[in-house]
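S.K.: Here is my input, please return the structure:
(2 chains)
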Number of protein chains: 2
Amino acid sequence: MDVVLLGSGNVATHLAKALKAKGENVIQVYSQNLDNAKLLANELSAEAISNYTDLNNKADLYIISVKDDAIDEVAAQLKNVRGLVVHTSGTTDINVLSKHGLRSGVFYPLQTFSKGKSVSFDNIPLCIEAENETDLNKLEKLANTLSNKVYNLDGEKRKVLHLTAVFACNFPNHLYALAAKILDSNQLEFDILRPLIFETADKVMTNLPINVQTGPAVRDDQNTINKHLNMLNNLPELQDIYQTLSNSIKITHK
Amino acid sequence: MDVVLLGSGNVATHLAKALKAKGENVIQVYSQNLDNAKLLANELSAEAISNYTDLNNKADLYIISVKDDAIDEVAAQLKNVRGLVVHTSGTTDINVLSKHGLRSGVFYPLQTFSKGKSVSFDNIPLCIEAENETDLNKLEKLANTLSNKVYNLDGEKRKVLHLTAVFACNFPNHLYALAAKILDSNQLEFDILRPLIFETADKVMTNLPINVQTGPAVRDDQNTINKHLNMLNNLPELQDIYQTLSNSIKITHK
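M.R.: Below you'll find the model as predicted:
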């Protein structure tokens, strides 16, 4: 399949590399910033472009992987292409593409991507959607070459998933960061928490989280909760988070 | 080493099994509830007791692994023993033991233990403390047979560690549970989030969390944040958590 990639951020980079590894032909990488386009295009042996007039309009698949608010304006530039156009956003409706008269789809990988850490796509849930069945089949076939977890989800369910990803990924990572901050101000290394963080995640690979909750709040151990709140007296923002989450644990488990 | 275990909960169970696996001799298991004592004692080929008068007072080590508020009353029953007495609590001062005139120490494993999931102790940080150096050396030697991460920490630092464990373990697990709840009410399976949860934890095994934060709040993507808050209109408790944590991410990264 000839693929044109529009975007050069973390999702675009990881997805393009995975596609190339599976034998797909990424022919162009577009970015507003030509240097960014080149950086990724070189790795893919693709052409870097920063001008829509240079766009190859005969590709089979166009992947728009840019910030959510920029999808609309990128899609508007693709009016002359006949291939399938997908975006990779968890929160954006498919009609941001279809309203421009494009053959439209969604290809949303549910994962957290960072520069410098490679991720195997085998286990990444790929959520796909398309306006017509032929295109859906095409996307499904492509997704199945990358991952063994392919989900055909409509926009509403995809948005729910994206919301839960904030709870299950972005917020936990921030809590790790807050823990690191407290440790640091007490001359303790973050490394000491790593086995606990790993085990906490590993435990819910085979259990439901509600069945393996531990800690003072689920035991209703107000004595320990009060000690912890006292220790956070000089960090009112963390005290607020501690209080809010402890209350929520108590409500959930009462 | 002859060891008497006082307690039969998750920490007591996992620790006693690990000690036995390393060749230590667990001779008695005490629990208020004789059935609970028997359940664990049988696995360890130890004697189950529920009466302090039956306590063997010639053991080398007594491990008190009970609820924090019960440590004091258990310690009060050990006045006739000459061995080293340790508790396994992250939040409790060593002097809850020493005030009873005992040879006192702390043996705190920084991990989340649940029934039915075995954990290798190799990587579990063991935080030790003792009143005199001979006993500290003894504890250190024992800890080193179980784990390659042994930390000699005073009570203040141990309490800090325990507080950060709430942020890095108990709160993330609860956020997983809230995500599961949202998914469930939308007929989506929790399983779809598992690869994301695993990767989020795995990423901080080699990175500091502040350097790998992703999501709408760190991008200051207020549009997506507002969409998410709207989706939580019927769940004000979750809306509050979303708002509180998103604000904290913004403040941290601005």
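S.K.: mind listing the helices for the stretch 51-200 of chain A?
M.R.: For the stretch 51-200 of chain A, the helices defined by DSSP state H, counting those that start in this stretch cover A:71-76, A:95-98, A:133-146, A:155-165, A:171-184, A:194-203.
S.K.: Now do the buried residues in the first one.
M.R.: Using 16 or more other C-beta atoms under 10 Å in any protein chain shown as the burial criterion, the residues of helix A:71-76 that qualify are A:71, A:72, A:74, A:75. (C-beta placed from N, C-alpha, C; glycine too.)
S.K.: what's the spacing between it and its chain's center?
M.R.: A distance of 20 Å separates the centroid of the chain from that of helix A:71-76, by C-alpha atoms, centre = their mean, to the nearest Å.
S.K.: can it be found next to chain B?
M.R.: No. Against chain B, helix A:71-76 shows no contacts by C-beta under 8 Å from any C-beta of the partner chain, the least distance being 11.9 Å.
S.K.: Report the residue ranges of every domain in chain A.
M.R.: Domains of chain A are assigned by automatic domain parsing as A:2-153, A:159-253.
S.K.: For residue B:110, which of these is the nearest?
M.R.: Counting by C-beta to C-beta, residue B:110 lies closest to domain A:159-253 out of the domains of chain A; the figure is 5.7 Å.
S.K.: on that earlier part again, looking at the helices of the stretch 51-200 of chain A, which is buried most?
M.R.: Most buried of those by mean neighbour count (mean count of other C-beta atoms under 10 Å in any protein chain shown) is helix A:171-184; its value is a mean of 24.
S.K.: quick one: contacts of that one?
M.R.: In this structure, residues lying in contact with helix A:171-184 by C-beta atoms under 8 Å, 6 or more residues apart in numbering or on different chains are A:112, A:189-190, A:192-193, A:197, A:235, A:238, A:241, B:160-161, B:163-165, B:167-168, B:171-172, B:175-176, B:197, B:200-201, B:203-204, B:208-210, B:212-214, B:217, B:241, B:245, B:248-249, B:252.
S.K.: ok so, going back, can you redo the helices of the stretch 51-200 of chain A as TSV with mean pLDDT and distance to residue B:42?
M.R.: Formatted as TSV, those follow (pLDDT from 0 to 100; distance: least, C-beta to C-beta, whole Å):
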stretch	mean pLDDT	distance to residue B:42
helix A:71-76	97	62
helix A:95-98	97	63
helix A:133-146	97	50
helix A:155-165	97	42
helix A:171-184	98	38
helix A:194-203	96	26
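S.K.: gap between stretch A:143-159 and the chain center?
M.R.: Distance, centroid of stretch A:143-159 to centroid of chain: 13 Å (C-alpha atoms, centre = their mean).
S.K.: let me fix that: stretch A:176-195
M.R.: That offset, for stretch A:176-195, works out to 25 Å (C-alpha atoms, centre = their mean).
S.K.: Quick check: end-to-end length of that stretch?
M.R.: 12 Å (C-alpha to C-alpha, to the nearest Å).
S.K.: now stretch A:60-68
M.R.: For stretch A:60-68, the first-to-last residue distance is 23 Å (C-alpha to C-alpha).
S.K.: that older thread, pipe the domains of chain A into TSV and attach distance to residue B:128 per row.
M.R.: Listed next are the domains of chain A as TSV, based on distance: least, C-beta to C-beta, whole Å:
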stretch	distance to residue B:128
domain A:2-153	34
domain A:159-253	13
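S.K.: List just the one of these that sits closest to residue B:87.
M.R.: So among these, domain A:159-253 is nearest, using C-beta to C-beta, at 13.9 Å.
S.K.: Endpoints of the closest one, how far apart?
M.R.: 27 Å.
S.K.: what sits against the residue of chain A positioned farthest from its centre?
M.R.: Residue farthest from the centre of chain A, counting by C-alpha atoms, centre = their mean, is residue A:223 at 38.9 Å. By C-beta under 8 Å, 6+ apart, the contact set of residue A:223 is B:68, B:69.
S.K.: That one looks like it's in a strand, true?
M.R.: No. Assessed with DSSP: H, G, I helix; E, B strand; the rest coil, residue A:223 is helix; it does not lie in a strand.
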